[in-house]
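Participant: the following block contains a protein sequence and its predicted model.
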Amino acid sequence: MTTLSLYDSLSRSLRAFTPLDPAKGVRVYSCGPTVYNYAHVGNLRAYVFTDTLSRVLAWKGHDLTHVINITDVGHLTSDADAGDDKMEAAAKRAGKDIWAIARHYTDAFKQNLADLNIRTPTHLPLATDHIAEMIDFAAAIEEEHCYRLDSGLYFDVTTVPDYGRLARTADDAGESRIDPVAGKRHAQDFAIWRTSAPGEKRQMEWNSPWGRGAPGWHLECSVMSKKYLGESFDIHTGGIDHREIHHPNEIAQNQAHCGCGDTGAAFWMHNNFLVERAGKMSKSSGEFLTLQSLVDRGFHPLAYRMLCLQAHYRSELEFSWDNLAAAQVRLKRLVQAIEGLRARMDAPQKGSAAAYREQLDAAVSEDLNTPKALPVLDALIADKKVSPADRLAAMKDFVEVLGLPLDTIKREDLRTRPASATIDEATIAERLTQRQEARAAKDFAASDAIRDELAAAGVEVMDGDPLGWEWRVTAG
Ligand SMILES: Nc1ncnc2c1ncn2[C@@H]1O[C@H](COP(=O)(O)OP(=O)(O)OP(=O)(O)O)[C@@H](O)[C@H]1O
Ligand SMILES: [Zn+2]
């Protein structure tokens with residue numbers, strides 16, 4: 001197979017990937033969701049990306065350990081040291097038990113992963129299950145790297161070499177984004193333990209050598225990556241917002257803890273944003289799209305996966321309903337073509353499909369270039385010089401690598417009804433049969449009446465549709 005090259009944000013270059021310690025397989029850590037709300041589809045782009053990464057690694061024969069953590073404490077409303085804990089703020093707003101909120105959104109996140117055919121990571125650890133280890137980690141670096149303030153234990157970023165090398169904004173403009181905390185030695189110093197203010201009522205707090213309080217968000221990832229993957233592991237991922245503050249701070253803690261220059265991961269990889277016309281999709285800004293809201297509009301979750309795969313993970317991707325609809329059509333065309341191949345399995349053997357596997361390998365080995373791999377799949381499915389059976393066999397590699405379950409998904413699965421539709425599939429099928437009968441009997445008044453009835457229920461009849469779709473829902 002071709003050597004895999006991956007873009008490392010720290011060296012700002014494409015580098016050939018080889019496992020740090022082949023005996024340990026490949027170890028990957030991905031910053032997980034903050035479970036104070038549903039993940040928006042932008043957040044989910046980050047996990048489609050990590051899933052592509054882990055699928056490519058597994059396909060190339062690596063034994064993978066993948067961690068996605070659940071941030072159920074510590075992430076403040078600003079990535080810098082200011083604001084409320086996002087979890088506490090959400091619980092207060094909803095007047096609910098914070099643990100119930102965390103559980104609810106964690107379950108919803110797991111469902112999102114399943115719906116997008118994202119492989120279940122090896123570990124999905126909760127930050128709140130690792131408080132004792134976080135306290136140990138902080139205690140171990142306290143003397144040489146930290147100082148105490150009334151508001152908590154702070155990390156002095158000048159105690160490690162090259163702080164902020166990862167960030168693109170480690171200049172004056174960047175620093176100004178960090179809100180001041182009284183007494184901090186340097187603007188970029190950050191809390192690794194936040195002590196509850198006198199009179200502050202937190203639902204989640206723990207005793208520590210620095211008073212009752214909660215861990216800092218950056219500390220969690222250093223502790224959980226070290227626990228599940230070791231002090232040095234292969235790849236750390238996150239969205240590009242993490243390149244600026246969260247990951248530089250994780251790196252600083254890792255360097256402090258190992259007492260060496262090691263940043264923790266051999267590769268630091270970042271996916272670009274899903275944006276809307278108005279800008280980055282963001283949970284904190286209030287309005288955002290969940291996977292369920294796409295389903296409610298009649299889209300299959302895998303249409304969203306297809307949309308993600310059509311863009312390179314390091315490019316910005318613009319979300320629009322038209323783009324999503326086009327991705328769903330592309331998926332439908334593939335599924336329809338594959339159903340056609342399945343009907344012709346006894347056709348005689350012809351040329352070989354081996355070249356397609358090589359082209360797939362070449363595309364994804366080039367920093368996971370999925371937009372380049374998709375046309376290879378189209379070409380394979382359409383190649384009349386290869387027998388249908390061989391095309392279907394060769395397709396399995398694409399299924400594995402791209403995570404589109406083309407071997408099991410059916411056309412009907414892709415015909416999702418919007419939640420607002422007032423009619424079910426069986427009724428639609430029944431009406432369409434009656435309409436065909438009316439047309440056969442040249443009773444066009446009856447046939448038109450049925451079409452109008454369906455239109456009123458949000459279903460458009462598609463006569464002569466080349467995809468053989470018969471009907472579709474009108475955007476509801
Ligand atoms: N619009 C986006 N496009 C792609 N990835 C994103 C986007 N927004 C956030 N991410 C990534 O999603 C992952 C989960 O982030 P997390 O749940 O902590 O988001 P958040 O900071 O609470 O949400 P937001 O930034 O939307 O307020 C992170 O890797 C983050 O970098
Ligand atoms: Zn993290």
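Facilitator: Ah, there it is. Ligands and ions are numbered 1, 2, ... in the order given.

Participant: give the closest residue to Arg55 in space, chain neighbours not counted.
Facilitator: Of all residues not flanking Arg55 in the chain, Val401 sits nearest, at 5.3 Å (C-beta to C-beta, 6 or more residues apart in numbering). Using the backbone N, CA and C atoms, a C-beta is placed for each residue, glycine as well.

Participant: can you list the residues of the stretch 1-150 of the chain near ligand 2?
Facilitator: Residues of the stretch 1-150 of the chain lying close to ligand 2 by C-beta under 5 Å from the ion are Cys31.

Participant: low-confidence ranges in the stretch 1-150 of the chain?
Facilitator: Scanning the stretch 1-150 of the chain with the threshold set as pLDDT under 70 gives 80, 82.

Participant: OK, now which residue of it is nearest to ligand 2?
Facilitator: In the stretch 1-150 of the chain, the residue that lies nearest ligand 2 is Cys31 (3.2 Å; C-beta to the ion).

Participant: the closest residue in space to Ser196 that isn't next to it in sequence: neighbour count?
Facilitator: Counting by C-beta to C-beta, 6+ apart, Gly213 is the residue found nearest to Ser196 once chain neighbours are left out, at 4.8 Å. For Gly213, the tally of surrounding residues (other C-beta atoms under 10 Å) stands at 22.

Participant: go through the lengthiest helix in the chain and flag the buried ones.
Facilitator: If you go by DSSP state H, the chain has its longest helix at helix 321-342. Using 16 or more other C-beta atoms under 10 Å as the test for burial, helix 321-342 gives 324-325, 327-328, 330-332, 334-335, 338, 341.

Participant: right, and out of the residues you listed, which lies closest to ligand 1?
Facilitator: Of all the buried residues of helix 321-342, Leu324 has the smallest distance to ligand 1: 14.9 Å, by C-beta to the nearest ligand atom.

Participant: residues touching that closest one, list them.
Facilitator: 294, 299, 303-304, 307 (C-beta atoms under 8 Å, 6 or more residues apart in numbering).

Participant: just the buried subset of those residues, please.
Facilitator: 294, 299, 303-304, 307.

Participant: how many residues are close by Thr263?
Facilitator: Thr263, neighbours per other C-beta under 10 Å, totals 23.

Participant: ok, and the closest non-adjacent residue to it?
Facilitator: Leaving out its chain neighbours, the residue that sits closest to Thr263 by C-beta to C-beta, 6+ apart is Ile251, at 4.4 Å.

Participant: count of neighbours near that neighbour?
Facilitator: Using other C-beta under 10 Å, the number of residues around Ile251 comes to 26.

Participant: Thr370 now?
Facilitator: For Thr370, using other C-beta under 10 Å, the count is 22.

Participant: break this structure into its domains for me.
Facilitator: Domain assignment for the chain, taken from automatic domain parsing, gives 5-280, 297-413, 418-473.

Participant: now do the contacts for Thr237.
Facilitator: Residues near Thr237 by C-beta under 8 Å, 6+ apart: 28-31, 46, 49-50, 53, 268-271.

Participant: mind checking which of those are buried?
Facilitator: Using 16+ other C-beta under 10 Å as the threshold, 28-31, 46, 49-50, 53, 268-271 are the buried ones among the contacts of Thr237.

Participant: mind putting the residues you listed in a markdown table, distance to ligand 1 and secondary structure included?
Facilitator: Converted to a markdown table, the buried ones among the contacts of Thr237 look like this (distance: C-beta to the nearest ligand atom, whole Å; DSSP: H, G, I helix; E, B strand; the rest coil):
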| residue | distance to ligand 1 | secondary structure |
| --- | --- | --- |
| Val28 | 13 | strand |
| Tyr29 | 11 | strand |
| Ser30 | 7 | strand |
| Cys31 | 5 | coil |
| Ala46 | 4 | helix |
| Phe49 | 8 | helix |
| Thr50 | 9 | helix |
| Leu53 | 13 | helix |
| Trp268 | 12 | strand |
| Met269 | 11 | strand |
| His270 | 8 | strand |
| Asn271 | 6 | strand |
